[in-house]
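# Task: produce atomic coordinates for the following.
(2 chains)
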Amino acid sequence: MTTTQNAPARPLGRRWSSDRLQRRAFPILRWVVIAALLLIILLPFYYMFLLSVRPIERLLADPSSLLPDSLTLQTYRDVLLPVDSGGQGFASFLANSLLVAIGTVLLALVIAIPGAYAISRLPFFGRRQVSGLFLATYLFPAIVVAIPLFAAFTRLHLRGSLVGLILVYVAQTVPVAIYMMRNYFETVPQTVEEAGMVDGLGRLGVLWRISIPLAMPSIMATGLFIFMIAWNEFLFALLFLVDHRENWTVSLGLSQLSGSVEVPTTVLMAGSVIITLPVIGLFFFTERLLTGGLTAGAEKG
Amino acid sequence: MNTATQRDDPEQQGRRSAAGPRARRTVTLRQRDARTGFALMSPTLLIVLAVVVLPLLWSVLISFQRLRLINVGRASLFSPLTLDNFRRVVTSQELWTTLRTTILYTAGSVALVIFLGLLAAMALRRPFRGRTAVRAVMLLPYIAPVVAVTFVWRTLLNPQFGVINQWGQHFLGWDRPIAFLTQAHGHLSILGLHVQVPTALLTVIAFEGWRYFPFAFLFLMARLEAMPGDVEEAARVDGATHWQNFRFIILPQLAPVIALLAVLRTIWTFNEFDDIFLLTGGSAGTRVASVRVYDLLTVQRNVGAASAQSVVLVVVLLGMLAGYFLLLRRRGERA
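Here you go, the predicted model:
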């Protein structure tokens, strides 16, 4: 076949036409895919917000409408107020969740930062095996660990307390945290650390005054990631706290309330918005940090 | 470096050249570093041992003991061992149905997650205005609290006032609302063929695809961006079409990431509890193994049997992974 216009020579006419077809179709298809994905991702979030501000009568009268016709914030009042003021007590669940999430972040970072530094820099015995151990912990279903912890915490009177929950979350997040920060510590030039040591710093001094300040972006990202995990966690909260309403976290609170028929859907949607917003807010703040931290090392393939 | 002789025989070392003392100092620094390293690592090791590893081992022990939920506060390491829990779990028909459901659910969701992730990564590959924002939005299902998103989907799919069923009836001509999450089997007729479909199971698989494709997308996108462009350019010059370019140039380069994603997602989906528990509670043919563990623990209040079931679950998972790695290795040898 002879060359026509700007298309380079092809051996077969059939392929030429299929090539032209694909050249036309793919750019359009690409936008169709992007639009479809955006629709299916955003629809639930939009619906969540919409129902949270719509009076329940309007929802039952016209369930298929997706336009915000009448707006109410009564649902938010209802869900946040304490139970004895006629609400659902979400404000106290929020306080519990904040306490647990922040406690987990601080404790996990205090434990994981030295660990990550040690793995990236110090040649201690069993350094290689440690990573394997961590990997293995993610192989087992959380519920396998939950059963003995349930027994042990019952015995230690930690079950039903937020402290016990924090302990579990710390143990679950420390390995991920180390994995995320390790690569970053490795990028701190060794010569900078050596200069510090020449100036009389010990290893701990180097870690505290040189490595941690330099690794701050990674530490922030890791902290936020841990916050999200602790904030979103459900299974352990369910197993340990279900009998102690005063200690419920937001996730547990929402799941328990959505199981009962007395609470209107719109009020629960307000609750959903309240627990989703902090996570999305934090995420958009730090999107770049976070996605970089999670996939660090994946580029190498 | 021969550290042993240096330490054991200081006299001989003294007779050596000027390198001797320097070598000894590096040795002690190394040793000190090793000790510091272990000290820095020990809080991590301690908490992971106490709250993950020991409980795992204890779980195996409990699976050989008789333990009811009422007595859980008095659980003892030394109660007599028995095989009753395993007998009970393995002879139960439930085990095989839940395992079958778990495997179908895992295979379906892993495939869907990787397919959607690949689709999204390819669509967002070339830069355009607002790509950063779109990319961030793509990650929303993955980061949002699972309790909130399952609740929204349950409402969306609700047969009475869920918007999906409303639309289906108005625009797609469904005769009746579909009970997506409570119907075990539905009938679908395509071109006059009547097929029975596991409605609820397919729905939870679709949800899993929705919630976790961002994870695959993130990893595939990172790999795509690190990919050198020259091979593709060469293929383009040689007349490869878009599809050929994807199939023969891009996909082979993504294969290692896809394999990694498949392993990770298989492990995590196999162990998944939250999504199914919150969507269907394990009813309507969606009872996966971890939900059964939960039921054994809280409904039947039999801690021993719950442990035995979870041990069986882990063994099956390890078997599957071993098979997968064998397959990979054999492929690698042939290539």
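# I figured residue A:87 was touching residue A:80, is that so?
Yes. If you go by Cβ atoms under 8 Å, residue A:87 and residue A:80 touch, sitting 6.0 Å apart. Where C-beta positions appear, they are placed from N, C-alpha and C, glycine not excepted.
# what's the pLDDT at the residue of chain B found nearest chain A?
Residue nearest to chain A within chain B: residue B:37 (2.9 Å; Cβ to the nearest Cβ). On the pLDDT scale, residue B:37 is placed at 81.
# need the contact list for it.
Neighbouring residues of residue B:37 by Cβ atoms under 8 Å, 6 or more residues apart in numbering or on different chains: A:118, A:121-124, A:127.
# circling back to that earlier point, between residue A:87 and residue A:80, which is the more surrounded one?
Using other Cβ atoms under 10 Å in any protein chain shown, the more surrounded residue of residue A:87 and residue A:80 is residue A:80, with 20 against 17.
# for the stretch 51-200 of chain A, what spans make up the helices?
A:56-61, A:74-80, A:90-121, A:127-137, A:142-155, A:162-187, A:190-198 (DSSP state H, counting those that start in this stretch).
# on contacts alone, who are the packing partners of the second one?
Going back to what we said before, that points to helix A:74-80. Helix A:74-80 is packed against helix A:90-121, helix A:265-295, with contacts defined by 3 or more Cβ pairs under 8 Å, 6 or more residues apart in numbering or on different chains; DSSP states H and E.
# just those helices: most buried one?
helix A:90-121 (a mean of 22; mean count of other Cβ atoms under 10 Å in any protein chain shown).
# got the angle between that one and helix A:190-198?
90 degrees (axes from the mean of the first three to the mean of the last three Cα atoms, to 10 degrees).
# Any part of helix A:90-121 near chain B?
Yes. For helix A:90-121, a contact with chain B is found by Cβ under 8 Å from any Cβ of the partner chain, at A:110-112, A:114-115, A:117-119, A:121.
# buried ones in stretch B:121-137?
B:121-125, B:134-137 (16 or more other Cβ atoms under 10 Å in any protein chain shown).
# and if you look at stretch B:197-211?
B:198-211.
# Serialize the residues you listed to JSON lines and add fields for secondary structure and distance to chain A.
Below are those laid out as JSON lines (DSSP: H, G, I helix; E, B strand; the rest coil; distance: Cβ to the nearest Cβ, whole Å):
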{"residue": "B:198", "secondary structure": "coil", "distance to chain A": "22"}
{"residue": "B:199", "secondary structure": "helix", "distance to chain A": "19"}
{"residue": "B:200", "secondary structure": "helix", "distance to chain A": "18"}
{"residue": "B:201", "secondary structure": "helix", "distance to chain A": "19"}
{"residue": "B:202", "secondary structure": "helix", "distance to chain A": "16"}
{"residue": "B:203", "secondary structure": "helix", "distance to chain A": "14"}
{"residue": "B:204", "secondary structure": "helix", "distance to chain A": "15"}
{"residue": "B:205", "secondary structure": "helix", "distance to chain A": "15"}
{"residue": "B:206", "secondary structure": "helix", "distance to chain A": "10"}
{"residue": "B:207", "secondary structure": "helix", "distance to chain A": "10"}
{"residue": "B:208", "secondary structure": "helix", "distance to chain A": "14"}
{"residue": "B:209", "secondary structure": "helix", "distance to chain A": "10"}
{"residue": "B:210", "secondary structure": "helix", "distance to chain A": "7"}
{"residue": "B:211", "secondary structure": "helix", "distance to chain A": "10"}
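# Just the closest of those residues to residue A:169, please.
residue B:211 (20.6 Å; Cβ to Cβ).
# ok, for the closest one, nearest residue in space, not its chain neighbours?
residue B:141 (4.9 Å; Cβ to Cβ, 6 or more residues apart in numbering or on different chains).
# residues in contact with that neighbour?
A:41, A:44, B:149, B:210-214.
# Inside helices: which ones of those residues?
With helices taken from DSSP state H, the overlap with the contacts of residue B:141 comprises A:41, A:44, B:149, B:210-214.
# which one of those residues has the most neighbours?
Going by other Cβ under 10 Å, residue B:213 tops the ones in helices among the contacts of residue B:141 with 30 neighbours.
# thought that one was touching residue B:120?
Yes. Assessed by Cβ under 8 Å, residue B:213 is found in contact with residue B:120 at 6.5 Å.
# circling back to that earlier point, dump the residues of helix A:90-121 next to chain B to a markdown table, plus pLDDT.
What follows is those, written out as a markdown table (pLDDT from 0 to 100):
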| residue | pLDDT |
| --- | --- |
| A:110 | 93 |
| A:111 | 93 |
| A:112 | 91 |
| A:114 | 90 |
| A:115 | 89 |
| A:117 | 88 |
| A:118 | 87 |
| A:119 | 86 |
| A:121 | 80 |
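# and the spatially most central residue of chain B, helix, strand or coil?
Central residue of chain B (Cα atoms, centre = their mean): residue B:268, 1.9 Å from the mean position. Secondary structure, DSSP: H, G, I helix; E, B strand; the rest coil: residue B:268 is helix.
# check contacts around it.
Contacts of residue B:268 (Cβ under 8 Å, 6+ apart): residue A:138.
# pretty sure residue B:195 belongs to a strand, no?
Yes. The assignment for residue B:195 (three-state DSSP) places it in a strand.
# That one pairs with what?
residue B:188 (DSSP bridges).
# So for it, what's the pLDDT?
If you check residue B:195, the pLDDT there is 73.
# doesn't residue B:187 make contact with it?
Yes. Contact criterion Cβ under 8 Å: residue B:195 and residue B:187 qualify, at 7.3 Å.
# Residue B:158: what secondary structure?
Under three-state DSSP, residue B:158 comes out as coil.
# which secondary structure element contains the closest residue to it other than its chain neighbours?
In space, and not counting its chain neighbours, residue B:158 is closest to residue B:165: 7.1 Å by Cβ to Cβ, 6+ apart. Assigned by DSSP states H and E, residue B:165 belongs to helix B:163-171.
# residues making contact with that helix?
Under Cβ under 8 Å, 6+ apart, the answer for helix B:163-171 is A:47, A:63-64, A:66, B:156-159, B:174, B:176-178, B:180.
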